[in-house]
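Student: Next input, structure requested:
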Amino acid sequence: MKHRQTVTAILLLFLPSVFSFAQDTSQQSVQSAHPFVDRREALMRSLGEGIAVLYSQGSRTETGYRADANFWYLTGVDEPGAMLVLAPQQAIRQILLLPPRDLDRERYTGRRPPLSESLRRTLGFDEVLRTTALDATILRCVKHATELHLISNLAGPSAPVPPDLELYRDITARVPEVTIKNSSHLLETMRAVKSAEEVAAIERAIQVTCQGITELLAEVRPGVTEYQLDGVLENSFKQQGAQHMAFGPIVGAGEEATVLHYQTRYRTLEAGQLLLLDVGAEWDHYAADISRTIPVDGRFTPEQAVVYDLVLRAQNAAIKHIRPGVTLKEIDDIARDIICEAGYEFAHHISHLVGLDVHDQDVLDLGLVLKPGMVITVEPGVYLPDQKLGVRIEDDVLVTETGCRVLSDQIPRERKDVETWMARAKR
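Tutor: Numbers count the residues shown, from 1 in each chain. As a prediction, the model looks like this:
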């Protein structure tokens, strides 16, 4: 974990707010670019011949620009407009292209580092160029390679054409005998299996999330609003050093707890309600995804207890079955059978991968075969709008060589433990 934090500190050079802190990277070792170099090398071994181009397709946040997960996974660079070119069989194999500098704009947004040998070595690339060199770079590469690998996430037919695919279409229209190959599954497969370092980042995100929920519980009472609790949670995450929430949190009480992706958060909590929390902090780009269901009064009613214990039983049964070789559908079926046999509906799937994205693959694949190193959620739920009662319990689980480990086991799940946790939080 230590050297990942070092990498993050170095790569903050690309955030405008900190340009003034460190322009000289000459003292940084090229080793600091790992594990990004290793990931690029592993991907290129899978690609074989041809070339691949990846655009940074991130977004602006209150703390600066954040690259999308695929670009960050391979580069560790947060800079808008950046591009990655991989050419496995050529002399210059790993190329990072950065947008040209605008000195006038940098007076307002912060200085960006100039291109230099020290920057190239720090980031671990064969070349670091400006994006104005894209045409020359592509022409140099396609002289010796006729296959263009699409490694970004696939887009649906009604979605905008991704920029890498649009670039590839332009190339094929101008260069004879060049073809496009879908290789997106290669990067998906790599990201699905986490290194020890990645697991440690997820565990830290879970620890921050646990503390945030504990601080939130201290404020749970009739009369408080969902958005006030949301504010407590966000403040706790930031005070602990997490710059971002992993996703828009679900903080819903009563009937709102039955809305699967409830986002409004304007209701006032009432006595006798259950409060459903689906929340997660982000640590060093890695997400936690935790759900807990809390009685507003501090104790579950007998009716609430029946549903809660059923959901917990379904979750425990599913977790017990997790091991390498099992599919997500098998886990889903186990929990679904328990809930349906009790006379309730299970309205969503039980699991998804979690990592750099809270849903680490865009499309859920229930046929996914579990492998050691994968981190998945286990999140059964029962939702009864007519009774204004919703229960979901969600944990993040690491698949090990022989079974699994619940990464979030420090967060109470048993009904009595939840009541005790809430009581202690209020002291």
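Student: When you work out contacts or count neighbours from here on, use the C-alpha atoms and nothing else.
Tutor: Fine.
Student: tell me the contacts of the closest residue in space to Thr146 that isn't next to it in sequence?
Tutor: Counting by CA to CA, 6 or more residues apart in numbering, Val178 is the residue found nearest to Thr146 once chain neighbours are left out, at 4.4 Å. By CA atoms under 8 Å, 6 or more residues apart in numbering, the contact set of Val178 is 142, 145-148, 171-172.
Student: can you put these in CSV and add secondary structure?
Tutor: Converted to CSV, the contacts of Val178 look like this (DSSP: H, G, I helix; E, B strand; the rest coil):
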residue, secondary structure
Val142, helix
Ala145, coil
Thr146, coil
Glu147, strand
Leu148, strand
Ile171, helix
Thr172, helix
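Student: So which of those residues is surrounded by the most neighbours?
Tutor: Ranked by the number of neighbours (other CA atoms under 10 Å), those place Leu148 first, at 26 neighbours.
Student: Would you check how far apart the nearest residue to that one once chain neighbours are set aside and Tyr55 are?
Tutor: Nearest residue to Leu148, sequence neighbours excluded (CA to CA, 6+ apart): Ile180, at 4.7 Å. With distances taken as CA to CA, to the nearest Å, Ile180 is found 16 Å from Tyr55.
Student: Over to Ala318?
Tutor: In terms of CA to CA, Ala318 sits 38 Å off from Tyr55.
Student: between these two, who's got more neighbours?
Tutor: Taking neighbours as other CA under 10 Å, Ala318 and Tyr55 compare with Ala318 leading, 24 against 20.
Student: For that one, give me its contacts.
Tutor: Neighbouring residues of Ala318 by CA under 8 Å, 6+ apart: 331-332, 334-335, 378.
Student: Could you tell me how many residues sit around Glu379?
Tutor: 28.
Student: Surely it touches Arg313?
Tutor: No: using CA atoms under 8 Å, Glu379 is not in contact with Arg313, being 11.5 Å away.
Student: got the residue ranges for the strands in the stretch 301-427 of the chain?
Tutor: Taking DSSP state E, counting those that start in this stretch to define them, one finds strands in the stretch 301-427 of the chain at 375-378, 381-384, 389-392, 395-399, 404-406.
Student: Nearest to Gln240, out of those strands?
Tutor: Among the strands of the stretch 301-427 of the chain, strand 395-399 comes nearest to Gln240, with 20.1 Å by CA to CA.
Student: pLDDT averaged over that closest one - what is it?
Tutor: The predicted model assigns strand 395-399 a mean pLDDT of 98.
Student: same check, this time on stretch 287-294
Tutor: On average, the pLDDT along stretch 287-294 is 98.
Student: likewise stretch 223-232?
Tutor: Taken as a whole, stretch 223-232 has a mean pLDDT of 96.
Student: please begin residue numbering at 34 from this point
Tutor: OK, 34 is where the count begins now, so the last one is stretch 256-265.
Student: Dump it to PDB, restricted to CA.
Tutor: Extracted in PDB, the C-alpha atoms of stretch 256-265 (Å, rounded to 0.1, in the frame of the first residue of the first chain):
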ATOM      1  CA  GLY A 256     -37.400  14.400  13.200                       C
ATOM      2  CA  VAL A 257     -33.900  14.400  11.600                       C
ATOM      3  CA  THR A 258     -33.900  14.500   7.800                       C
ATOM      4  CA  GLU A 259     -32.300  12.100   5.300                       C
ATOM      5  CA  TYR A 260     -30.100  14.900   3.900                       C
ATOM      6  CA  GLN A 261     -28.800  15.800   7.300                       C
ATOM      7  CA  LEU A 262     -27.700  12.300   7.800                       C
ATOM      8  CA  ASP A 263     -26.200  12.300   4.300                       C
ATOM      9  CA  GLY A 264     -24.200  15.400   5.300                       C
ATOM     10  CA  VAL A 265     -22.900  13.700   8.500                       C
END
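Student: Only the buried residues of the helix or strand where Leu198 lies, if you could.
Tutor: In this assignment (DSSP states H and E), Leu198 forms part of helix 196-205. By neighbour count on 16 or more other CA atoms under 10 Å, the buried set for helix 196-205 is 197-198, 201, 204-205.
Student: swap in stretch 253-263?
Tutor: 253-254, 258-263.
Student: Compute the inter-axis angle for the helix or strand Arg173 falls within and helix 196-205.
Tutor: Taking DSSP H and E as the definition, Arg173 sits inside helix 167-175. If you take axes from the mean of the first three to the mean of the last three CA atoms, to 10 degrees, helix 167-175 sits at 70 degrees to helix 196-205.
Student: and helix 167-175, how far out from the chain's middle?
Tutor: With CA atoms, centre = their mean, to the nearest Å as the basis, helix 167-175 stands 32 Å off its chain's centre.
Student: swap in stretch 102-112?
Tutor: With CA atoms, centre = their mean, you get 12 Å for stretch 102-112.
Student: How about stretch 160-171?
Tutor: So, by CA atoms, centre = their mean, the centroid of stretch 160-171 is 30 Å from its chain's centroid.
Student: try stretch 285-293
Tutor: For stretch 285-293, the distance to the chain centre is 24 Å (CA atoms, centre = their mean).
Student: How about the helix holding Arg173, which residues are buried there?
Tutor: So for helix 167-175, counting by 16+ other CA under 10 Å, buried means 171, 174-175.
Student: Does anything pack onto that helix? Which helices or strands?
Tutor: Applying 3 or more CA pairs under 8 Å, 6 or more residues apart in numbering; DSSP states H and E, we find helix 167-175 packed against no helix or strand.
Student: With just CA atoms, put that helix into CSV.
Tutor: Extracted as CSV, the C-alpha positions of helix 167-175 are listed here (Å, rounded to 0.1, in the frame of the first residue of the first chain):
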residue,chain,number,x,y,z
LEU,A,167,-1.3,11.7,-32.3
ASP,A,168,-1.3,11.5,-36.1
ALA,A,169,2.4,11.0,-36.4
THR,A,170,2.3,8.4,-33.6
ILE,A,171,-0.5,6.5,-35.2
LEU,A,172,1.1,6.5,-38.7
ARG,A,173,4.4,5.3,-37.2
CYS,A,174,2.5,2.4,-35.5
VAL,A,175,0.3,1.3,-38.3
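Student: So which of the contacts of Ala351 is surrounded by the most neighbours?
Tutor: Neighbour max across the contacts of Ala351 (other CA under 10 Å) = Val411, 29 neighbours.
Student: if we can go back for a sec, pull up the pairing partners for the helix or strand harbouring the residue nearest to Leu181, direction included.
Tutor: Using DSSP H and E, Ile213 maps to strand 212-215. If you go by DSSP bridges, strand 212-215 pairs up with strand 180-183 (parallel).
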